[in-house]
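Undergrad: requesting a structural model of the entry that follows:
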Amino acid sequence: MNGVALFAISYDSVEILRDFAATHGITYHLLSDQGSHAMRRLGLINDRVQEDHAAYGIKPNARHVNLPYPGVYVLDRDGVVTQKRFYESYRERDTGTGLIAQALGIVTEPSVPVVATNAPVVTARAWLDSPTYVFFQRVVLTVEVSIAPGFHVYGQPAGDGLTPLSIEIDAIEGLEGGPARWPSPRRFTQPGLNDGLWVHKGIVRGTVPLTFAAAPGGGDHVVGVTVRYQACDDASCLVPSSVHLRVPVREAALVGRSLPSPTSMT
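TA: Numbering: from 1, shown residues only. Predicted coordinates for the structure are as follows:
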């Protein structure tokens, strides 16, 4: 993690950014692109801001022009862009913890994970990259599945009649969930299977992006998570099963305003 640096760029003037940094205790560099010239060259200007605002019930404002899509560029030591993290909705933002973890390819570790088990074969843990959420903030749910030695669970693609490892999120008003991402399964072969099967063994971690898109004031929630799987050993398979976890998350108050700007990390 040596050499990590954070910069934010905004269309605001140097003076405005200086006051903003002092007010909010910001210690990383805020770069002024007054007139949005650099951001326009990068193709970041959202020319549909008025349409977006109308969809959210915001009245037209003459100041809302030349606004960039908020997002993040991740650069390596040589200044080469390795990731671009932008969302269709200008309101949607990553948590700081989640952004750093995904930019650096690391997994956030829980302080107090929620644990469920179908002992002795499968144990599951789940946690969010932030214990709190705010309006339209994207948080990342991590689900860790521990599989007993000698057993495996099926990944994708699963054979006919087999249940692959999957995650389902209970419905919460305003909660939007993205697709689950798992590590690539490994090929499992045994006599009589021409093509083999794809399985997970040991400890496997999957992630699901979650966005709380309801209006502020939605309150605290408990995110219900169902992990489905089918465990087998080399001789036989158990019946498809599942574990259910309940992960609490608190609503945090919105403070100040967010910089409507892309951020670079090197």
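Undergrad: and I167, helix, strand or coil?
TA: strand (DSSP: H, G, I helix; E, B strand; the rest coil).
Undergrad: need the contact list for it.
TA: Going by Cβ atoms under 8 Å, 6 or more residues apart in numbering, I167 touches L141, V143, A180, G206, V208, V225, T226, V227, R228. (Each C-beta comes from the backbone N, C-alpha and C, glycine too.)
Undergrad: now S130: how far from P248?
TA: Remark: distance between S130 and P248 (Cβ to Cβ, to the nearest Å) = 12 Å.
Undergrad: how about A148?
TA: In terms of Cβ to Cβ, A148 sits 28 Å off from P248.
Undergrad: between these two, who's got more neighbours?
TA: Counted by other Cβ atoms under 10 Å, A148 and P248 do not tie: A148 has more neighbours, with 15 against 12.
Undergrad: so what's that one closest to, chain neighbours aside?
TA: V121 (4.9 Å; Cβ to Cβ, 6 or more residues apart in numbering).
Undergrad: again, but for R91
TA: Using Cβ to Cβ, 6+ apart, the closest residue to R91 is F136 (3.9 Å).
Undergrad: I'd guessed that neighbour sits against E88; true?
TA: No - between F136 and E88 there is no contact under Cβ atoms under 8 Å: 11.7 Å.
Undergrad: who has more neighbours, those two?
TA: For F136 and E88, the more surrounded residue by other Cβ under 10 Å is F136, and the numbers stand at 21 against 8.
Undergrad: just the pLDDT for the more buried one.
TA: Looking at F136, its pLDDT stands at 84.
Undergrad: let me see the contact set for it.
TA: S89, R91, E92, R93, T211, F212, A213.
Undergrad: how close does the residue nearest to A148 sit to P149?
TA: The value you get for V121 to P149, if Cβ to Cβ is used, is 10 Å.
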